[in-house]
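S.K.: structural data only, the sequence is not supplied:
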């Protein structure tokens, strides 16, 4: 690969793309991981098998997790996506840990959170000092929500782009009475 990188830089007279730094094993493994995470796992009708396939591809997935069919987990930055215990990811959710001309940044789903159907979670915070998107424990993301910021624990986020809903009066009263 170093020879190819050197030849590319001599011929084109510009730096070689990032993938010229890959090892031969990575070059072989990447198409297999792509097929596993984009074709096989999302179409599998059995959740336990689907989770097993995602774990085989290298994703960090906790215990008692449900990931719906037709979800896209970013296979290029598979080490950047962490799913906690007891998380429910509904059908058709899109996770992207990278973008064009953007470094890989993590997406972390806290324990017990719920991600609604057809939501998109894009790892690009507005605040440049904090990298990635962190969704707190027991947070709820509504269906078709575009998440590009951190969501605190126990919060509910909806919309495009997402906004965090204030807690209901009933929730505040029940929280105060339980203390």
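M.R.: That came in fine, so what should we check first? What you see is a predicted model, and the numbers here were worked out from it, not measured in a lab.
S.K.: for the protein, which spans come out with low pLDDT?
M.R.: Residues of the chain meeting the criterion pLDDT under 70: 100-101, 125-130, 169-179.
S.K.: ranges for the strands of it?
M.R.: Under the criterion DSSP state E, the chain contains strands at 60-61, 66-67, 81-83, 88-89, 94-96, 107-109, 114-115, 120-122, 133-135, 140-141, 146-147, 156-158, 163-165.
S.K.: among those strands, which comes closest to residue 54?
M.R.: The closest of the strands of the chain to residue 54 is strand 60-61. By C-beta to C-beta, the value is 5.9 Å. Where C-beta positions appear, they are placed from N, C-alpha and C, glycine not excepted.
S.K.: what lies in contact with the closest one?
M.R.: By C-beta atoms under 8 Å, 6 or more residues apart in numbering, the residues outside strand 60-61 that reach it are 51, 54-55, 67, 79, 81-83.
S.K.: could you dump those residues into JSON lines and include neighbour count and distance to residue 9?
M.R.: Formatted as JSON lines, the contacts of strand 60-61 follow (neighbours: other C-beta atoms under 10 Å; distance: C-beta to C-beta, whole Å):
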{"residue": "51", "neighbour count": "21", "distance to residue 9": "42"}
{"residue": "54", "neighbour count": "25", "distance to residue 9": "36"}
{"residue": "55", "neighbour count": "13", "distance to residue 9": "38"}
{"residue": "67", "neighbour count": "23", "distance to residue 9": "41"}
{"residue": "79", "neighbour count": "12", "distance to residue 9": "28"}
{"residue": "81", "neighbour count": "24", "distance to residue 9": "32"}
{"residue": "82", "neighbour count": "16", "distance to residue 9": "36"}
{"residue": "83", "neighbour count": "25", "distance to residue 9": "39"}
